[in-house]
Structures are given as structure tokens and as C-alpha cells.
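J.: Make a model of this:
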Amino acid sequence: MTGLALFDLDGTLLDTASTVVDTSTATLAALGVHGTTPEAIRATIGRPLTEAFAQLLDAPADAETVTTAVRTYLTLYRERIVPRAPALLYPGVARGLARLRSHGRTLAVATNMLTASAEVLLTAAGLRDHFAMVVGADAVPRPKPAPDAGLLITAELGHRPAESVMVGDTVNDLHMANAAGMPSIAVTYGLHPEARLRTATPTWLAPTFPAVVDRILAPPG
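T.: Okay, the predicted model is just below:
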């Protein structure tokens, strides 16, 4: 079906939602902020860190408290989440990525994480070598849901967007694909439920990662 497959990271390759909530809660506590609900934190997952903490702290994105929160989170992230990376892989991810590469597919990551954080997490999970390119929110002028990451990756790797595919678990991933003129696969095992994913008109839905792989390898038509 496609020569290039782009993947979101959190909620698509790794099940990080609960650890992100715990780490964000600890970050806010370190700033003396208590009482933020897990639901409020989950609602920010998938957005760039600065935007997420600006919302959680009800402060401008350039506020000192937001900068401090991001810095604190990144420190805790490397302490709490990165060491657990291998255990956070969704079933079938490692084998599925290897299968895609064995069939000649080019793989990349388009995430709203910082690029360096994504690189560290992928390396810790044993996945980094599968990907020709990793693009985070800091590598493009506008993060997802804008099309910038998808367009950068397709241009750099020499593939047309229409002949590529974006795989993700949130509407931001799907909106990015739509804006870039790219087909999409919405995974229903991640952050956003199927009903919400359908509002962003994915090209296909997949209940498991092996189903994602089968779809990518399916013949055209």
C-alpha cells in the first residue's frame, strides 16, 4: 500500500499514558501545584510539553512557571519513563516494525515530543534502528495537527504524501495526515476512543499493532 509509514510514539508504539500522568503529577507537585486530576493531564497528552503545562498551569506559554515545569518534567521523564521503555511496548510492535522493514518499507516517527526525548525513548525501547527519521515538535515550525512534520519527513525521505501513511492514536495525528494529503490509520488501543478518532475521518481503523502492519502491507485497491 505504501512505501513510507510515519508513526506517532506515545499511545501508538508505547503505552505511556499512565506514566506520563504520574510524571506530570510529580512535576506539578514539585512546583507546589496539587489537585490536578488525571483526566485533566490525560487531555494534554499528545500536545507539545509547553502547551500542555501552559494549560495545566493556566499560564502563558512563555511564563517562567511553564519553563520550570517543562525542565522538571524532562528530568523526571528520563528517570521514570525511559528506563521502563521496553516494558511499555504495545504487543506486536517490535516484531511488526521488523516485518515492515523486511518488506522494504521506510519508517519514520512524527511526534509532538521533543526530538531528543523521542530519540532517547526509542533507543531505550530498542526501536531506534527501525526508523530513518525522527521528527519532534521542536523540529518544525508548527507541531501536529499542522502538516509540517509529515511534509518534512516525506520531502526528506523522497516519498509523496499520498503514497505514505500516518499511524496514530489521537485526532492530532489524523488531522496532520489530512492536512498533508496523507492516508491515515487510527489505532483504537491508544489515548483517544474510536468514536473520537472517527470525527477526524481516518482512512482506516486498526484495533492492534499487527493489524496496522497488515494494512500497510496490503496490496493497493
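J.: Just give me how far the lengthiest helix in the chain sits from the chain centre.
T.: Longest helix in the chain by number of residues, with DSSP state H as the criterion: helix 64-80. Relative to the centre of its chain, helix 64-80 is centred 19 Å away, using CA atoms, centre = their mean, to the nearest Å.
J.: Remind me what that helix packs against, helices and strands.
T.: In terms of contacts (3 or more CB pairs under 8 Å, 6 or more residues apart in numbering; DSSP states H and E), helix 64-80 is packed against helix 17-30, helix 49-57, helix 115-124. (C-beta placed from N, C-alpha, C; glycine too.)
J.: Please point out which parts of the last one sit buried.
T.: By 16 or more other CB atoms under 10 Å, the buried positions in helix 115-124 come out as 115, 117-122, 124.
J.: how far does it sit from the chain's center?
T.: Relative to the chain's own centre, helix 115-124 is displaced by 12 Å; criterion: CA atoms, centre = their mean.
J.: what does the next helix or strand after that helix contact?
T.: With elements assigned by DSSP states H and E, the helix or strand that comes after helix 115-124 is strand 133-135. Strand 133-135 has contacts (CB atoms under 8 Å, 6 or more residues apart in numbering) with 108-111, 115, 118-119, 122, 128, 149, 152-153, 156-157.
J.: again, but for stretch 60-70
T.: 27-28, 31, 49-51, 53-54, 56-57, 59.
J.: Likewise for stretch 137-146?
T.: 46-49, 110-115, 148-149, 152, 171-173, 175-176, 179.
J.: distance between the ends of that stretch?
T.: End-to-end distance of stretch 137-146 (CA to CA, to the nearest Å): 10 Å.
J.: Return the distance of the residue of the chain most remote from its centre relative to residue 89.
T.: The centre of the chain is farthest from one residue, residue 32, which by CA atoms, centre = their mean lies 28.7 Å away. The gap separating residue 32 from residue 89 is 35 Å, by CB to CB, to the nearest Å.
J.: same deal with residue 11?
T.: Between residue 11 and residue 89 the computed distance is 12 Å (CB to CB).
J.: Check residue 209 too.
T.: As judged by CB to CB, residue 209 and residue 89 stand 9 Å apart.
J.: okay, and the common contacts of these two?
T.: In terms of CB under 8 Å, 6+ apart, residue 209 and residue 89 are both contacted by the residues residue 13.
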